[in-house]
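A.B. asks: A structural model of the following input is requested.
(2 chains)
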Number of protein chains: 2
Amino acid sequence: MAGAADVILAIIGVGGVGKPFLKQLTKITARLAKSPSNPVFVKVVYLARSQTALYDRDSYKQVDLQYWEQELAARGTSPLSPSEVAEFLTKYPQSGHRIVVDNTSDPTVAAEYPTFIRQGISVVTPNKKAFSGPLALWESIISVAQNGRNESGKGGYIYHESSVGAGLPIINTLTDLLVTGDEVRKIEGVFSGTMSFLFNQFMPVPGAGKGMDFAAAVKIAQQSGFTEPDPRDDLNGMDVARKLVILARISGMKLELEGIPIQSLIPNELESCASGAEFLEKLHEFDSRMDELKASAEKDGKVLRYVGSIDVISGESKVGLQRFDPSHPIGGLKGSDNIINFYTKRYGSKPLTIQGAGAGGDITAMGVSADLLRVIRLTCTR
Amino acid sequence: MAGAADVILAIIGVGGVGKPFLKQLTKITARLAKSPSNPVFVKVVYLARSQTALYDRDSYKQVDLQYWEQELAARGTSPLSPSEVAEFLTKYPQSGHRIVVDNTSDPTVAAEYPTFIRQGISVVTPNKKAFSGPLALWESIISVAQNGRNESGKGGYIYHESSVGAGLPIINTLTDLLVTGDEVRKIEGVFSGTMSFLFNQFMPVPGAGKGMDFAAAVKIAQQSGFTEPDPRDDLNGMDVARKLVILARISGMKLELEGIPIQSLIPNELESCASGAEFLEKLHEFDSRMDELKASAEKDGKVLRYVGSIDVISGESKVGLQRFDPSHPIGGLKGSDNIINFYTKRYGSKPLTIQGAGAGGDITAMGVSADLLRVIRLTCTR
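C.D. replies: Here you go, the predicted model:
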């Protein structure tokens, strides 16, 4: 089996993660093709954004990774549905492993992962939806994927490192702990770069400045590009809860998103605001609530941070505000960093900790690229 | 190619890492064999400690992972040389990927990795010697290994996660950064659990106790099992330098161990002590030197820590004492933890940080087991 191998790639999504991914892919494909003894030729035959797609149903013309934007504008056609993408890849007339890279956050694409994987197509994605959506979807994915439950599936591979902590090695580390027989007892951390930044503005550790009102901090976070367009999508805690659900399920817990108690930072009264702008305008009216919490924590020498935790032993999980000593690694977390602590039997009382930027296009794309290389290594070796 | 696959395993070394590895392996092999669609049968045909080995040249009888200690005592024979192990594995009469697990710290075994890998045998090891020894040995390994330089080799795989930071995901993370095209600029950290423990005894952060004399701290570290039998093997800084060399070479630097300036904590006058015991007895005579450094750091509100760093851009590296603010992650490191900071182009001014216990049999074995599973996944997939 020595010698050249082909990889047939479909890429869905060319936004904040998709664009830097394509840049990284250009370099990676050039390197892989140049291997003297083991060349791998990555052929991108489908590239889609929400309304248009580049592909050629008959000739399977490859997408030019340099000029895709111009080509998409010039000759883009209607995107295929996910199941049509599967069919398109399957019918590609040459051998080679088929991979779908889903760089969207679209639940309808995620819902089709079992369709892809069952047909031997691997899926690489930062999209959280499939892994934090209905438990049944998760179960169906890991029962068919080769690297799923007990490595017993017959289908393609599924890799989604960037669905938690962007490029930080969270999921691979957790998986290695588990497959080597460690007992993961508790996972705790700051899973949101937005929340990290926000609380460093709202309540910095002593000596790092005064701190601002909560509404003002949210505005700064939005202006600095740290929030979703509608900041309520961060403040409702759902993003953190989704990441927790993913880690909980990998750890063996049968958890639904609805099963996690989430402390939302959106005042009840503002749930129904028609827009993010309206919400931001009114948020300051509720600053006194957050100020009370801040003052009370301050009195005890603590800082407030927005954390998530799962206790694998007791089955309990939660997302919300907690107080930390400023010298605690979570209390002292800087900038917009994430921090994730794994407490396990082998590591004992002190956790294995991974920390660093957990959001941003380049580093999220990096996790996707690394996963893609993993699949290529698994399927194109001799 | 669906269906069952065999893995033919030789294991060298059954000491502090080898024993917990065998325990982990027992569970892993049971799990792999039970996979309904993809069973993998791991056959241990050779198991050696320094003076005796279990193997059967004719029948290739498998080593019983439950009773190996008794069997080794009862019917152990002379170990094979590394090149004889290669021949023995190659002549095994059935197909299946061959893997050598080297759980020793023996440079003579390490010197034969190219022999193994060239013959298609993969190597999994926590042994630092091959990767921090002569540059020529390193070059010869990565030029033949499939996952070596540019993934261009034709031989077996080489994995050695546990050679730096035990089970912490250091090497895999660095590799992922590099293969996806990030630019690693600087790596800095506390690479020795011994040094971490020692300096937390000698000079705890303010508020965490008074600190003890250096010689007393070394004695406590030894009594707590944190040092090598002869503590000079830790205090000379060579262990830290070896780990740095490994990370530097992975990052593309052509560095020899001798090229790293190392600040040894062994007083010149005690270099020639005949034994570790004599050294420990005399060390307190030199406490005043360390006390001076401590007092001077204290005056500036700093703590002393023993760190290693490589600057990939300038090519500079060093191992020795540095002062840190107690609030700095390195200054505030607890217990015997390691901490490794990767500064890269994509991560910007704040590093990607990995922290946790970096020594101990179970967690070192975990890194070995995870690497073994990686090789099995790469070679036993369809």
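
A.B. asks: wait, what's in contact with the residue nearest to the spatial centre of chain A?
C.D. replies: Geometric centre of chain A, nearest residue: A:Ser163, 1.9 Å, by Cα atoms, centre = their mean. Counting by Cβ atoms under 8 Å, 6 or more residues apart in numbering or on different chains, A:Ser163 makes contact with A:Thr125, A:Pro126, A:Asn127, A:Lys128, A:Phe131, A:Ser132, A:Ile171, A:Lys243, A:Ile246. For the C-beta atoms, the positions are set from N, CA and C on the backbone; glycine is no exception.

A.B. asks: same check, this time on A:Gly356
C.D. replies: By Cβ under 8 Å, 6+ apart, the contact set of A:Gly356 is A:Leu168, A:Asp337, A:Asn338, B:Tyr347, B:Lys350, B:Pro351, B:Leu352, B:Thr353.

A.B. asks: Tell me the neighbouring strands of the host helix or strand of it, and mark each as parallel or antiparallel.
C.D. replies: In this assignment (DSSP states H and E), A:Gly356 forms part of strand A:352-357. Strand pairing for strand A:352-357, using DSSP bridges, gives strand A:337-344 (antiparallel), strand B:352-357 (antiparallel).

A.B. asks: returning to that earlier point: now list the buried members of the contacts of A:Gly356.
C.D. replies: A:Leu168, A:Asp337, A:Asn338, B:Tyr347, B:Pro351, B:Leu352, B:Thr353 (16 or more other Cβ atoms under 10 Å in any protein chain shown).

A.B. asks: between those residues, which is nearest A:Asn103?
C.D. replies: Of all the buried ones among the contacts of A:Gly356, A:Asn103 sits closest to A:Leu168, with 17.8 Å by Cβ to Cβ.

A.B. asks: which SS class is the closest one?
C.D. replies: Classification of A:Leu168 using DSSP: H, G, I helix; E, B strand; the rest coil returns coil.

A.B. asks: how many other residues sit next to A:Lys34?
C.D. replies: A:Lys34 has 11 neighbours, counted by other Cβ atoms under 10 Å in any protein chain shown.

A.B. asks: for A:Val144, that is, sorry about that
C.D. replies: Neighbour tally, A:Val144, other Cβ under 10 Å: 23.

A.B. asks: Please apply the same query to A:Thr125.
C.D. replies: Neighbours of A:Thr125 (other Cβ under 10 Å): 29.

A.B. asks: Do I have it right that it meets A:Ile99?
C.D. replies: No: at 10.5 Å, A:Thr125 and A:Ile99 do not qualify as touching, with contact defined as Cβ atoms under 8 Å.

A.B. asks: related to what we said a few turns ago, quick one: the strand holding A:Gly356 to chain centroid distance?
C.D. replies: 15 Å (Cα atoms, centre = their mean, to the nearest Å).

A.B. asks: Longest helix in chain A, please.
C.D. replies: Longest helix in chain A, counting residues (DSSP state H): helix A:361-379.

A.B. asks: If you count neighbours, what's buried in stretch A:205-214?
C.D. replies: So for stretch A:205-214, counting by 16+ other Cβ under 10 Å, buried means A:Val205, A:Gly211, A:Met212, A:Asp213, A:Phe214.

A.B. asks: Now for those: which two are most distant?
C.D. replies: The widest separation within those (Cβ to Cβ) is 17.9 Å, between A:Val205 and A:Asp213.

A.B. asks: quick one: the longest helix of chain A near chain B?
C.D. replies: Yes: with Cβ under 8 Å from any Cβ of the partner chain as the criterion, chain B is reached by helix A:361-379 at A:Asp362, A:Ile363, A:Met366, A:Ser369, A:Ala370, A:Leu373, A:Arg377, A:Leu378, A:Thr379.

A.B. asks: quick one, what contacts the last one?
C.D. replies: Same thing as A:Thr379. So A:Thr379 contacts A:Ala5, A:Val7, A:His97, A:Ser122, A:Tyr157, B:Thr381 (Cβ under 8 Å, 6+ apart).

A.B. asks: sec struct for the nearest residue to the fourth one once chain neighbours are set aside, please.
C.D. replies: By that I understand A:Ser122. Counting by Cβ to Cβ, 6 or more residues apart in numbering or on different chains, A:Gly156 is the residue found nearest to A:Ser122 once chain neighbours are left out, at 3.7 Å. Secondary structure assignment for A:Gly156 (three-state DSSP): coil.

A.B. asks: correct me, but A:Gly156 touches A:Pro114?
C.D. replies: No: assessed by Cβ under 8 Å, A:Gly156 is found out of contact with A:Pro114, at 10.2 Å.

A.B. asks: so how many other residues sit close to A:Ala241?
C.D. replies: Neighbour number of A:Ala241 under other Cβ under 10 Å is 25.

A.B. asks: residues from the stretch 201-350 of chain A in reach of chain B?
C.D. replies: Neighbours of chain B within the stretch 201-350 of chain A, by Cβ under 8 Å from any Cβ: A:Ser327, A:Pro329, A:Gly332, A:Lys334, A:Gly335, A:Asp337, A:Arg346, A:Tyr347, A:Gly348, A:Lys350.

A.B. asks: Compute the distance between the closest residue to the fourth one other than its chain neighbours and A:Gly360, please.
C.D. replies: Distance criterion Cβ to Cβ, 6+ apart; nearest residue to A:Lys334, sequence neighbours excluded, is B:Lys350 at 6.4 Å. Separation of B:Lys350 from A:Gly360 (Cβ to Cβ, to the nearest Å): 11 Å.

A.B. asks: just A:Ile12 next, same as before
C.D. replies: Taken as Cβ to Cβ, the span from A:Ile12 to A:Gly360 is 20 Å.

A.B. asks: go on, A:Ser105?
C.D. replies: 15 Å.

A.B. asks: Which one of the two is surrounded by more residues?
C.D. replies: Looking at A:Ser105 and A:Gly360 with other Cβ under 10 Å, you find the greater number of neighbours at A:Gly360, namely 21 against 17.

A.B. asks: Give me the nearest residue to that one, chain neighbours excluded.
C.D. replies: A:Ala166 (6.4 Å).

A.B. asks: what's the answer for A:Leu321, then?
C.D. replies: A:Leu304 (5.4 Å).

A.B. asks: Convert the C-alpha atoms of stretch A:29-41 to CSV, please.
C.D. replies: Taking C-alpha atoms only, stretch A:29-41 is exported to CSV below (Å, rounded to 0.1, in the frame of the first residue of the first chain):
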residue,chain,number,x,y,z
THR,A,29,-1.8,20.3,1.3
ALA,A,30,1.4,21.6,-0.3
ARG,A,31,3.5,19.9,2.4
LEU,A,32,1.6,16.6,2.2
ALA,A,33,1.9,16.4,-1.6
LYS,A,34,5.6,16.9,-1.4
SER,A,35,6.4,14.0,0.9
PRO,A,36,9.0,12.0,-1.0
SER,A,37,7.9,8.6,0.1
ASN,A,38,4.3,9.1,1.2
PRO,A,39,2.6,11.8,-0.8
VAL,A,40,-1.0,12.6,0.0
PHE,A,41,-3.0,14.6,-2.5
